[in-house]
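>>> Below are the sequence and a predicted model; questions follow.
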Amino acid sequence: MAKQQLPLPEMNDDKHRHKQFNGHLDSNRLRPPKFIPNRSRSPGSCSVNNSQIAHAISFRSGAECPDAGILPASLNAGDSTTSMSCNESHFEQSFERLAKLGEGSFGEVFQVRDRSDSRLYAVKISKQLFRGEQYRAERLEEVRRYEEFSGHENCIRFIRAWEQYDRLFMQMELCRESLEQYLYRCRYIPEERIWHILLDLLRGLKSLHDRNLIHLDIKLDNVLIDDDDTCKLADFGLVIDVDKANNHHATEGDSRYMAPEILQGQFSKAADIFSLGIAMLELACYMDLPSNGPLWHELRHGKLPEEFINTISVELQQVIKCMMSPDPRQRPTAEQLLAHPVLTRMQKADKSMILLKLLSKCFRRSRRAAWTKMCNLRTAAYRCLFYILEILHLYKPLTASKSAGYNGAANGAPSSPSASVAGIPRVEFQLAGSTPIGNRDCYVSDFLSAMDTLDLSQQCTPTACGRKNLVNSTPRQRRQLLAAVNHSLQDLF
Ligand SMILES: Nc1ncnc2c1ncn2[C@@H]1O[C@H](COP(=O)(O)OP(=O)(O)OP(=O)(O)O)[C@@H](O)[C@H]1O
Ligand SMILES: [Mg+2]
C-alpha cells in the first residue's frame, strides 16, 4: 500500500535576502493585553488597596540621589484629597500621552509630556501584570540596570520608575528612533556612519562588560538614537551577571541575533559581541536576518553571504567576521575592538570636537526650552482670554437687572444664558472631542479602561455645562473664578 505523504511545510528560507518592509516593524508581535486598572470600587468611595497606590521604585541610595524613590506627592493616586486622584492612575495624572513609540515583548512605550515640567519623555509600561513575585522581581531588576547605566553617554537616561495596578512604569529620556527604524528609513547607511554607530555601541557595551554584566538582547530594535545622533543601548530586561548566567535562569534574546553557544547554555560576554557583529552585518548590508533554518546555521559557521558582505570595505568585513567567529574564544572583547585603528582615529577626532558638540547640544536644548515656554504662553493666553470672556458674561445679569430695558430683563423675560454681552462676540470652546486627529488611535486605544473611553455623546462643551452655575454664581464662586484668572496671568508672566 502506498504511503500517504503529509504535505511538507513551505521552505523559502534557502537564500539570503534584503530586508523587507511591510509598513510594520514588528508585525508578528502579539497585541498587548488591555490596560484595565482595577477600579472595582464605586466612584464615590475612595478606598484603595496597596496595588492601586503608585509606589516609587529605586535602587539608588539616599546619598546618591536624595529624592530617588519619591513620587511627586500631589500626583500620587494614594493621595485621596481630590476625586480626580481617586480615579486616575499616577501615569494619567502626571503625563499627557501623545503617541505610541513602540512595543516589545515586555512593554509598550509611549511618548508623553510630563505635566510638571512640560518636557517630552518616553514611558515604558509593562504588558503583563505582576502575576508572581518572580516576574515582578525580574521587572524590578530591569529598573536597577536602567538606573545603573543611566549616567553613561551610550546608555539610555533613566528618570524614575513606579509600580501601580500590578504594572511597572518607567520614565526615561525620549529618543528620536530605534536603529531598526533608522535602517528602514535610510536603507543605505554610509560606512562612516556605521563605524560611528559601532563605536557608540562598543562604548556602551564595554561599560556593561566592565561590571561583569552581559546584555543578552543586543539588536537594532534595542538601540536608540537621540537628537544628537548618539546611539544608546536600551532594554536592559535580560541583563545578567556573567557568573550567575550559567547557573541560573538566563533568558536568551531574539534568535536572529543569538550567538550559537547560547544553544548549549553558555552565556558569556562573547555572546554580546556576536549579537553586535551580526547587527552590524544587518545594518551595513541591509540584510534580512533569519530566525532559524539552514541560513541561521550558515551565519553561525562563519559563512557570510558574498553578495552582501562584498558590498562593504575589507576593514569592516574583517571586524564583522571576527565578531561573528563561531568559537566564542576567538571573538575580540569590546576593549580590543575599541583599539581598532579606525575606531581609535574616530575617538581622537571626537575628543577634539567635544567643545563644539557641547555647544551645539546647549544651543539645541535652549531652543527646545524656548519653544516649550512659547507654547505654554500661548496656552495661558488662550485660557486668560477665556476667563475674561466668562467674567464679562457672568456680570451681565447683574448689570442687566440694574439697567432697565437691557436684553428684555426689565420686561420680566428671563435672559438667555447663551446670549452675548453687547459688543462682545460669543465664544464657544469645543474642548469635548478635541483629541488631536493624528493621535486619535492612541487616545482611544485599549490602554483606556471602559471608564475612560471618550464617550463624546455624554460630554458637553464647557459653556453648556457650566453656564447655569456661572449665571447664578455666588460671590465665593466669582472669587474662585478671579483666582483662576490670576493663576493664568501668573502662567503667562
Ligand atoms: N526612550 C525611548 N525613546 C523612544 N523610543 C523608545 C524608547 N524606549 C523604547 N522605545 C521604542 O519602543 C520599542 C520597545 O521598547 P523596549 O525594547 O524597551 O521594549 P521590550 O518590550 O523590552 O522589547 P524586547 O521585545 O526587545 O524585549 C523600542 O524598540 C523603541 O522603538
Ligand atoms: Mg526591546
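Alright, I've got the coordinates. Residues are numbered from 1 along each chain as shown. Ligands and ions are numbered 1, 2, ... in the order given.
>>> Quick one, grab the pLDDT at residue 248.
pLDDT for residue 248: 65.
>>> Also residue 302?
93.
>>> tell me the secondary structure for it?
Following DSSP: H, G, I helix; E, B strand; the rest coil, we place residue 302 in the coil state.
>>> wait, doesn't it sit right on residue 324?
Yes - between residue 302 and residue 324 a contact is recorded at 7.0 Å, counting by C-beta atoms under 8 Å. Placement of C-beta: from N, CA and C, glycine included.
>>> quick one, helices of the stretch 301-450 of the chain?
Listed in chain order, the helices of the stretch 301-450 of the chain (DSSP state H, counting those that start in this stretch) span 306-309, 314-323, 334-338, 341-352, 354-402, 440-443.
>>> need the contact list for residue 268.
With contacts defined as C-beta atoms under 8 Å, 6 or more residues apart in numbering, residue 268 is in contact with 214, 242, 245, 261, 328.
>>> Ligand 2 contacts on the stretch 301-450 of the chain?
Within the stretch 301-450 of the chain, not a single residue sits near ligand 2 (C-beta under 5 Å from the ion).
>>> May I have the residues that are in contact with residue 59?
With contact set as C-beta under 8 Å, 6+ apart, residue 59 has these partners: 143-144, 147-148.
>>> Would you map out the domains in this protein?
According to the TED database, the chain comprises the domains 90-174, 178-339.
>>> and residue 380, which of the ones you listed is closest to it?
Proximity to residue 380 (C-beta to C-beta) singles out domain 90-174 among these, at 11.5 Å.
>>> Contacts (any at all) between ligand 1 and that closest one?
Yes - against ligand 1, domain 90-174 shows contacts by C-beta under 6 Å from any ligand atom at 101-107, 109, 122, 124, 156, 172-174.
>>> name the element residue 170 belongs to?
Secondary structure from DSSP states H and E places residue 170 in strand 167-172.
>>> That strand vs ligand 2: in contact?
No - Strand 167-172 stays clear of ligand 2 (C-beta under 5 Å from the ion), getting no nearer than 12.4 Å.
>>> Filter the contacts of residue 59 down to just the buried residues.
Taking 16 or more other C-beta atoms under 10 Å as the criterion, what is buried in the contacts of residue 59 is 143-144, 147-148.
>>> re earlier: beyond the strand holding residue 170, next helix or strand please.
As assigned by DSSP H and E, the chain's next helix or strand after strand 167-172 is strand 177-178.
>>> still on that earlier bit, tell me what the strand holding residue 170 is packed against?
With contacts taken as 3 or more C-beta pairs under 8 Å, 6 or more residues apart in numbering; DSSP states H and E, strand 167-172 sits against strand 107-114, strand 120-126, helix 133-149, strand 158-164.
>>> and ligand 2, which of the ones you listed is closest to it?
strand 107-114 (8.1 Å; C-beta to the ion).
>>> What pairs with that closest one, parallel or antiparallel?
Partners of strand 107-114 in the sheet, by DSSP bridges, are strand 95-103 (antiparallel), strand 120-126 (antiparallel).
>>> ok, now which ones touch the spatially closest residue to residue 321 that is not a sequence neighbour?
Of all residues not flanking residue 321 in the chain, residue 304 sits nearest, at 6.5 Å (C-beta to C-beta, 6 or more residues apart in numbering). Shown in contact with residue 304 (C-beta under 8 Å, 6+ apart): 281, 320-321, 324.
>>> Distance to residue 294 added to these, as JSON lines?
Output for the contacts of residue 304, formatted as JSON lines (distance: C-beta to C-beta, whole Å):
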{"residue": "281", "distance to residue 294": "17"}
{"residue": "320", "distance to residue 294": "20"}
{"residue": "321", "distance to residue 294": "20"}
{"residue": "324", "distance to residue 294": "17"}
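>>> Mean pLDDT per helix and strand in this structure: which one sits at the bottom?
When each helix and strand of the chain is scored by mean pLDDT, DSSP states H and E, helix 440-443 comes last, with a mean of 32.
>>> Please determine how far the residue in the stretch 201-350 of the chain that ligand 1 sits nearest to is located from ligand 2.
Of the stretch 201-350 of the chain, the residue with the smallest distance to ligand 1, taken as C-beta to the nearest ligand atom, is residue 235 at 3.7 Å. Distance of residue 235 to ligand 2, given as C-beta to the ion, to the nearest Å: 4 Å.
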